[in-house]
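In: the sequence and its predicted three-dimensional model are supplied below.
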Amino acid sequence: MSQRKIVVEPDPILRKKSEFLEKVDDELRRLLDDMLETMYSAPGIGLAAVQVGVLKRAIVIDVSKDKEKKNPFFLINPEIISTSKNTSIHEEGCLSLPGYFAEIERPSECQVKYIDYHGKKKEIKANGLLSTCIQHEIDHLNGVLFIDYLSKLKRDMIVKKLVKQKKELDKVVL
Ligand code: ZN
């Protein structure tokens, strides 16, 4: 396993739609392992492949509270089958928007079909934090970021600040 570089907004790749995967092979599992290591070290609770620059529909998630007992969850080609009418609000952050958080309203529950790490078809009914996290990560596969749910004014302000942060980072690297 090795860590990969996380893509930070603004970057046009974060706005692209990821492609469906045709098969689960060792190359994909290597990507998933790298994504998991990258996510744990960030630290974060979810990461989509596009966030490490790969436009494939693959997600890693671990919402377990216990740092000792890791509970990684891999979703390949995830698709939301249905969502609940009732909604809930969670404060969301994103590894591609470092330092920014906002309260986002989403359906409380979602039913998702996906392919697992071993290539098996699975289905899950998620609620709570897991449901929010799955919806946030599937958004990434469609080029959507959580700031898109905010007003244009708020969104522009965050992106402007991120551009400034990036410029300062470049200076330090040089
Ligand atoms: Zn994110």
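Out: Sure, I can see it. Just so you know, these numbers come straight off a predicted model, no measurement behind them.
In: so where's this structure shaky on pLDDT?
Out: Residue ranges of the chain with pLDDT under 70: 67, 173-174.
In: ok, 80 please
Out: Per-residue confidence of the chain (counting by pLDDT under 80) places the weak regions at 65-68, 169-174.
In: need the longest strand for it.
Out: With DSSP state E setting the assignment, residue counts place strand 73-83 as the longest strand in the chain.
In: just checking: what are the partner strands of that one?
Out: Sheet pairing of strand 73-83 (DSSP bridges) gives strand 58-61 (antiparallel), strand 110-115 (antiparallel).
In: next SSE downstream of the longest one?
Out: In the C-terminal direction, the helix or strand that comes right after strand 110-115 (DSSP states H and E) is strand 121-126.
In: so after that next one, what's the next helix or strand?
Out: Sequence-wise, the next helix or strand downstream of strand 121-126 (DSSP H and E) is helix 128-141.
In: contacts for that following helix, please.
Out: Helix 128-141 is contacted from outside by 14, 17-18, 45-51, 57, 59, 61, 63, 73, 75, 78-80, 83, 88, 90, 92, 94, 96, 104, 106-110, 112, 126, 145-146, 148, using Cβ atoms under 8 Å, 6 or more residues apart in numbering. In short, each C-beta sits where N, CA and C put it, glycine included.
In: what's the spacing between it and its chain's center?
Out: Averaging C-alpha positions (Cα atoms, centre = their mean, to the nearest Å) puts helix 128-141 7 Å from its chain's average.
In: go through it and flag the buried ones.
Out: Neighbour counts using 16 or more other Cβ atoms under 10 Å place 130-141 of helix 128-141 among the buried residues.
In: in the chain, which spans are helices?
Out: For the chain, the helices defined by DSSP state H occupy 26-41, 128-141, 152-173.
In: dump the strands paired with strand 73-83 to JSON lines, plus mean neighbour count and distance to residue 164.
Out: Output for the strands paired with strand 73-83, formatted as JSON lines (neighbours: other Cβ atoms under 10 Å; distance: least, Cβ to Cβ, whole Å):
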{"stretch": "strand 58-61", "mean neighbour count": "26", "distance to residue 164": "30"}
{"stretch": "strand 110-115", "mean neighbour count": "19", "distance to residue 164": "35"}
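In: so which of these comes closest to residue 32?
Out: Relative to residue 32, the nearest member of the strands paired with strand 73-83 by Cβ to Cβ is strand 58-61, separated by 6.0 Å.
In: chain center to the closest one: distance?
Out: Mean C-alpha position of strand 58-61 versus that of the full chain (Cα atoms, centre = their mean) differs by 7 Å.
In: no more questions from me, cheers.
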